[in-house]
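Chemist: Following is a predicted model, sequence given first.
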Amino acid sequence: MKKINIFPHISLLERYLISEIIPILLFTIIIVTVVAESIGISFEQFSFLLTEQISLGTLIYLHILKLPEFIVFAVPVAILMTTIFVYDKLSSTGEIIALQSCGISLYKLIYPAINLSLILSLILFIVNEFIVPVSNYQAAITLEKAMNINRWDLKSDHIVYKELANRNHEQISDENNYLKYLFYAERFSNGKMKEVTLLIRDTQGLKVIIKSKFAEWNQGKKYWYFYDGIKSIINPDGSYSQGIKFDKIPLDLSHISSQFQLDREKLDDREMNILQIYQRLLVAKKAGDIRNLIKLQVNFQKRFTLPSSCAVLAFLGAAIGINLQPRIKYNSLTITLVILWVIKILEAIIHALIISENISIYAMWLPNILATVFGFYILIKKI
């Protein structure tokens, strides 16, 4: 019977190189994941076990829930270390030189590692968006429950929501924005905003001031209801008209409602997927919350730079690992740690510059770009 080739488009050389990479890659992912998780949460959880008297079963469950996050961290590190090790091993046994003598270029030798890393990038993106946020959220809720904490019952003080509007709808820009609504509450408890002040403005200035004892959002009717307060109209000359007392008035504050609902979800960066981040980006932009907007933009870009770093680090690792001078020995672990140290320092500097609004948000891609350029430089020097 004729043997069926499941992957007819993959050459014998590519299958050989992939078979060399995959076992070492899987082993490295396991090792890096275990080390990262041990450093990341084990010591903290051991402290919880002693001080908060959390059960051992709960801690084991938390470890399982946090595994996806640490696997996502481990994959780029593992693929860098693996490609350096595998291609250095092939160089030391003379296989790289032998293949070159048969007319096979160094670029063709790297293709299998790149193709494998692109598949890993896609898998990493899916895991990071659809599994990691859910498992992190469940881990946080489990820990909070064990510590008798309910995040939805936590009181908030001095809540401020804003909504910006545009003076010229035909020419939308930041310069044309003006403050349309300013919502302030002294505190939030039991599902109600207490001691609320709402300022309503138009392009000419302040028009209405509403003060009420409390306000609440009606999810069914999609309205804010203000109770037991005074509504003051501002005259064109800036004077106050006589305040109108009210027991209850409804207001359609759709964007204020969006901010309130997102705040009530109480999700941190690690508990959100890319769609939730994008939703918050739109709300923050409408509210003119620049600090939060930049923070969300950084997080949004990370959701793409992290998976793409798999392909970048695979290329860089292969370029470094190919050693046409077998007398020179590489230590893949040392080289990996040095590269990661440089990348992390560069990322920290870029992050600080972005937060301070000194450089564009797209500078988040700079480490990947520089690593790719450096990989090409090394490879060209070896051709």
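Modeler: Great, that's in hand.

Chemist: what about residue 20, neighbour count?
Modeler: 19 (other C-beta atoms under 10 Å). For the C-beta atoms, the positions are set from N, CA and C on the backbone; glycine is no exception.

Chemist: Please shift the residue numbers so they start at 804 in all later answers.
Modeler: With the count now opening at 804, the last piece we talked about shows up as residue 823.

Chemist: Could you double-check that it sits in contact with residue 889?
Modeler: Yes: between residue 823 and residue 889 there is a contact under C-beta atoms under 8 Å: 5.3 Å.

Chemist: Domain boundaries for this protein, per the record?
Modeler: 815-949+1100-1185, 958-1057 (automatic domain parsing).

Chemist: could the ones you listed be laid out in CSV, adding mean pLDDT?
Modeler: Shown next, in CSV, are these (pLDDT from 0 to 100):
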stretch, mean pLDDT
domain 815-949+1100-1185, 90
domain 958-1057, 87
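
Chemist: Between the ones you listed, which one is closest to residue 1090.
Modeler: The closest of the domains of the chain to residue 1090 is domain 958-1057. By C-beta to C-beta, the value is 4.8 Å.

Chemist: Which stretches in the stretch 854-1003 of the chain count as strands?
Modeler: 959-969, 980-992, 995-1005 (DSSP state E, counting those that start in this stretch).

Chemist: Just send the ones you listed back as a markdown table, with distance to residue 933 and mean neighbour count too.
Modeler: Formatted as a markdown table, the strands of the stretch 854-1003 of the chain follow (distance: least, C-beta to C-beta, whole Å; neighbours: other C-beta atoms under 10 Å):
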| stretch | distance to residue 933 | mean neighbour count |
| --- | --- | --- |
| strand 959-969 | 30 | 16 |
| strand 980-992 | 31 | 17 |
| strand 995-1005 | 34 | 18 |
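
Chemist: Now do the buried residues in the lengthiest helix in the chain.
Modeler: Looking across the chain with DSSP state H, the single longest helix is helix 859-895. If you call a residue buried by 16 or more other C-beta atoms under 10 Å, then helix 859-895 has these buried ones: 861-862, 864-866, 868-894.

Chemist: Tell me which of the domains of the chain is the most buried.
Modeler: Of those, the one with the most neighbours on average (mean count of other C-beta atoms under 10 Å) is domain 815-949+1100-1185, at a mean of 17.

Chemist: Span of that domain from start to end?
Modeler: In domain 815-949+1100-1185, first residue to last residue: 24 Å (C-alpha to C-alpha, to the nearest Å).

Chemist: is it possible to export the strands of the stretch 854-1003 of the chain to CSV including distance to residue 1093?
Modeler: CSV is the format used below for the strands of the stretch 854-1003 of the chain (distance: least, C-beta to C-beta, whole Å):
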stretch, distance to residue 1093
strand 959-969, 11
strand 980-992, 12
strand 995-1005, 19
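
Chemist: Of these, give the one that comes closest to residue 1110.
Modeler: That would be strand 959-969 among these, by C-beta to C-beta, at 33.4 Å.

Chemist: Looks to me like residue 1036 is in a helix.
Modeler: No: under DSSP: H, G, I helix; E, B strand; the rest coil, residue 1036 sits outside any helix and is assigned strand.

Chemist: Need the nearest residue in space to it, chain neighbours excluded.
Modeler: Leaving aside its sequence neighbours, residue 1036 sits nearest to residue 1044 (C-beta to C-beta, 6 or more residues apart in numbering; 4.4 Å).

Chemist: need the contact list for the one you found.
Modeler: By C-beta atoms under 8 Å, 6 or more residues apart in numbering, the contact list for residue 1044 reads 1035, 1036, 1037, 1038.

Chemist: let's see it at 7 Å
Modeler: 1035, 1036, 1038 (C-beta atoms under 7 Å, 6 or more residues apart in numbering).

Chemist: The second one reaches residue 1012, doesn't it?
Modeler: No: with the criterion set as C-beta atoms under 7 Å, residue 1036 and residue 1012 do not qualify as a contacting pair; they are 8.4 Å apart.

Chemist: follow-up on the earlier one: reformat the contacts of residue 1044 as JSON lines; add distance to residue 1143.
Modeler: Shown next, in JSON lines, are those (distance: C-beta to C-beta, whole Å):
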{"residue": "1035", "distance to residue 1143": "60"}
{"residue": "1036", "distance to residue 1143": "62"}
{"residue": "1038", "distance to residue 1143": "64"}
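
Chemist: Of these, just say which sits nearest to residue 934.
Modeler: The closest of the contacts of residue 1044 to residue 934 turns out to be residue 1035 (C-beta to C-beta; 51.8 Å).

Chemist: Please report how far the closest one lies from residue 1028.
Modeler: According to C-beta to C-beta, to the nearest Å, residue 1035 stands 19 Å off from residue 1028.
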